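Chemist: Here's my sequence, what's the structure:
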Amino acid sequence: MGRNAGLFIGLGAAVVALFAADLLTGDSALGAETVWGVLTGSVTDETTRAIVLSIRMVRVVVAATVGVALAVSGLQMQTVFRNPLADPYLLGVSSGAGLGVAFFILGAPLLGWGAYGAWQSVGLAGAGWIGAAGVLVLVAVLSRRVKNILGVLIMGVMLGYVAGALIQIMQYLNSAEQLKLYFLWSMGSLGHVTAAKLWVMGPVVGAGLVLAVYTIKALNLLLLGENYARTMGLNVRRARTQIFVSTALLTGTVTAFCGPVGFMGLAAPHVARMLFREADHRVLLPGSALLGAAAMLLCDLVAKAWTLPVNCVTALLGIPVIIWVIFKNIRPS
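Modeler: Residues are numbered from 1 along each chain as shown. As a prediction, this is how the structure comes out:
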């Protein structure tokens, strides 16, 4: 058995173990036998089944999905921009989702739509996805027209600043109650996604992952720069657009449904490179996905044990990795 195969088996086992541990953890004291009985159908108590299947199982699946999505999109951004500190939110998609949620929570009451109107029926996640999709369209158009990748980066940052300014205006004009609602969303949460929302979130993230797998060859070529990729026959603009659409689908969906979950997409690809000692995305992409799922499940376990926002936990785990990356890239003068 090769080294990479052993690592994949070990990571897969870790994901399964953490998935099971996370499923067994919760506010209600349910033993392993009870949870297993619900999964096999031998426990028929409706309350117990609702706790295990509709609450715990959904949250655990969401945690794994978030970890995979952010890790893969973070790997894509670090490769495209050739920047070890690039993260999934670099294109401003997260800011777009935040702007959509801000319009829903803060803007709608200012316009008198708090109790009625079509906007109210969209929901928090829908509002976030509309904002993310708006930025996705802008990024897709820009990536086709802007030749320099640095120009795309600058435009993404500018979009983020514009969204941030609009959010601050709405925050200034709103009441403390509405501000608290928006603040809670901005802390990130895995527990607000219901089974019905997961049926929407899952396929969209799946589409982003399929597109990411499709762009593996392009990512490998882009490792050595756009000029090299062009000499190898790659249509760089088209490849860039496909990668950006994949990242926007993954990051925008996660942000819309769960809020901005930081550091995971930045840290997981670096740990994958350290473990596998590979630059080939055929290895790094699935490796990052498994690491992201395992790390997010671990963060969820800690968040539930200490009743903390998941963003705090991901930061505590992710920041040491980022510091390590910075020191690793420091060259003595």
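
Chemist: in the stretch 1-150 of the chain, what spans have low per-residue confidence?
Modeler: Low-confidence segments of the stretch 1-150 of the chain, defined by pLDDT under 70: 1, 112-122.

Chemist: Break down it into its helices, ranges please.
Modeler: Residue ranges of the helices in the stretch 1-150 of the chain, as given by DSSP state H, counting those that start in this stretch, are 3-24, 32-40, 46-49, 57-80, 93-102, 108-110, 118-145, 149-173.

Chemist: Give me the distance from the shortest one to the chain's centre.
Modeler: Mean-position distance between helix 108-110 and its chain equals 28 Å (Cα atoms, centre = their mean, to the nearest Å).

Chemist: likewise the third one?
Modeler: The gap between where helix 46-49 is centred and where its chain is centred comes out at 31 Å by Cα atoms, centre = their mean.

Chemist: same for that helix, what does it pack against?
Modeler: If contacts are counted by 3 or more Cβ pairs under 8 Å, 6 or more residues apart in numbering; DSSP states H and E, helix 46-49 sits against helix 32-40. C-beta: built from backbone N, CA, C; applies to glycine.

Chemist: Report the buried residues of the helix it packs on.
Modeler: Neighbour-count burial for helix 32-40 flags 34-35, 37-38 (criterion: 16 or more other Cβ atoms under 10 Å).

Chemist: what sits up against stretch 232-249?
Modeler: 72-73, 76-77, 80, 88, 91, 93, 132-133, 135-136, 139-140, 143-144, 147, 149, 152, 204-205, 207-209, 211-212, 214-215, 218-219, 221-222, 226, 229-230 (Cβ atoms under 8 Å, 6 or more residues apart in numbering).

Chemist: between the helices of the stretch 1-150 of the chain, which gets nearest to Thr194?
Modeler: helix 57-80 (6.7 Å; Cβ to Cβ).

Chemist: Quick check: buried residues in that closest one?
Modeler: Those would be 57-80, for helix 57-80 by 16+ other Cβ under 10 Å.

Chemist: Could you find the closest non-adjacent residue to the residue most central in space within the chain?
Modeler: The centre of the chain sits closest to Leu70, judged by Cα atoms, centre = their mean, with a distance of 3.4 Å. Closest residue to Leu70 apart from its sequence neighbours, by Cβ to Cβ, 6 or more residues apart in numbering: Gly265 at 3.7 Å.
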